[in-house]
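Enquirer: Take a look and give me a structure for this.
(2 chains)
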Amino acid sequence: MSAPREDDIDALLRRSLDAIPDAGFSDRLMQRLPPRRRASAWPLAIGLALGALTCCISLFATALWRTGWYDWLHGKLSACAVVMLLAMMGMSLLALGWTLAEAEDH
Amino acid sequence: MADSAAGARIDSALIARVLAGNDSRAFEQLVRRHQGMVRAQLRRLLHGDEAAADDLAQETFLLAWRKLDQFRGEARFSTWIYRIAYACFLQAYRRKSWNPREAGESEIEQLPAPGDSMDLRLDLARAMQRLSQAEQTVLLHCVQLGLSHEETAYVLDMPLGTVKSHATRGKQKLKTWLTAWQEVDGKRQTL
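Expert: Sure thing, here's the model as predicted:
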């Protein structure tokens, strides 16, 4: 008695599945094909602009930001200046991470 | 292997044409190149229900048309489209609650001994039906559709180890069941 080899089983299985002839399938499908919508960039651009604007308005309205900026320009590393620099560094790192992730995807 | 690489290059060129110029002719060529195997895959998953399989194949290609810009080229286009088809099948399966029969280990003995008049292909089809649903699905993709274990894992969204164990177990069962066929065939040849 000789058991069928694995190659034989593979060959048998492959032979048992044939591609289906088109028989009008592609034509029917193409008739149902909707127009492709192009991904537009404007919602993202508007979102980014609004986000940046809101961020600026809320930051510039606080005394912390003004004091921090003033101290840093005058060479004083006060708590306000450190917080402001840390916030800027955090945002830069987030932007860098996002850019790297996008670059990897493409 | 060379055919597969050439096929992948043709697919990439067609996809680039679709994305660059909204070229439905290029997409039509993609459909014509892949519809045969996608419909075969779905028919097998739906246990031969041709109408339902063709409906799902249409849904698959329409989805691919809409989502083509999400195709990153990490997998072959054929693998990507099999994955969409399998996802469509699963959705339909849940919606209509199809209930393909599960075969257990104890059913091996219930398989009738093959006779002289039985054709090997018929025996193979019957043996396939005796496998568990997971084993059938894995063998369909990694043997019949010619995908690698990694590609099968991607299409079925299944851990690689599980794919390998289902493939090994499924083939082992088929080997055991078809040994009887070989025995009969061998006897017939010696007569």
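Enquirer: For chain B, what's the nearest residue on chain A?
Expert: A:A19 (3.0 Å; CB to the nearest CB). Placement of C-beta: from N, CA and C, glycine included.
Enquirer: which one is that residue nearest to, not counting chain neighbours?
Expert: B:G36 (3.0 Å; CB to CB, 6 or more residues apart in numbering or on different chains).
Enquirer: how far out from the middle of the chain is the one helix or strand the one you found maps to?
Expert: Using DSSP states H and E, B:G36 falls within helix B:24-45. A distance of 13 Å separates the centroid of the chain from that of helix B:24-45, by CA atoms, centre = their mean, to the nearest Å.
Enquirer: mind checking pLDDT for whichever residue of chain B sits closest to chain A?
Expert: As assessed by CB to the nearest CB, chain A sits closest to B:G36 within chain B, at 3.0 Å. According to the prediction, B:G36 has pLDDT 96.
Enquirer: What are the neighbouring residues in contact with it?
Expert: A:A19, A:I20, A:P21, A:D22 (CB atoms under 8 Å, 6 or more residues apart in numbering or on different chains).
Enquirer: how about a cut-off of 7 Å?
Expert: A:A19, A:I20, A:P21 (CB atoms under 7 Å, 6 or more residues apart in numbering or on different chains).
Enquirer: where are the low-confidence patches of chain A?
Expert: A:1-6, A:37-40, A:103-106 (pLDDT under 70).
Enquirer: swap the cut-off to 90 and go again
Expert: A:1-18, A:34-85, A:87-88, A:91-92, A:95-106 (pLDDT under 90).
Enquirer: so where's the longest helix in it?
Expert: When chain A is parsed with DSSP state H, its longest helix is helix A:79-105.
Enquirer: For it, buried residues please.
Expert: Neighbour counts using 16 or more other CB atoms under 10 Å in any protein chain shown place A:C80, A:A81, A:M84 of helix A:79-105 among the buried residues.
Enquirer: again, but for stretch B:25-36
Expert: Across stretch B:25-36, burial judged by 16+ other CB under 10 Å covers B:A26, B:F27, B:E28, B:Q29, B:L30, B:V31, B:R33, B:H34, B:Q35, B:G36.
Enquirer: With stretch A:23-30 instead?
Expert: Within stretch A:23-30, judged by 16+ other CB under 10 Å, the buried ones are A:F25, A:S26, A:L29, A:M30.
Enquirer: restrict the buried residues of helix A:79-105 to contacts with chain B.
Expert: The overlap between the buried residues of helix A:79-105 and the neighbours of chain B (CB under 7 Å from any CB of the partner chain) is empty.
Enquirer: List just the nearest of the residues you listed to A:L53.
Expert: A:L53 has its nearest neighbour among the buried residues of helix A:79-105 in A:M84, at 18.7 Å by CB to CB.
Enquirer: Spit out the contact partners of the closest one.
Expert: Contact analysis of A:M84 by CB under 7 Å, 6+ apart lists A:W65, A:G68, A:W69, A:W72.
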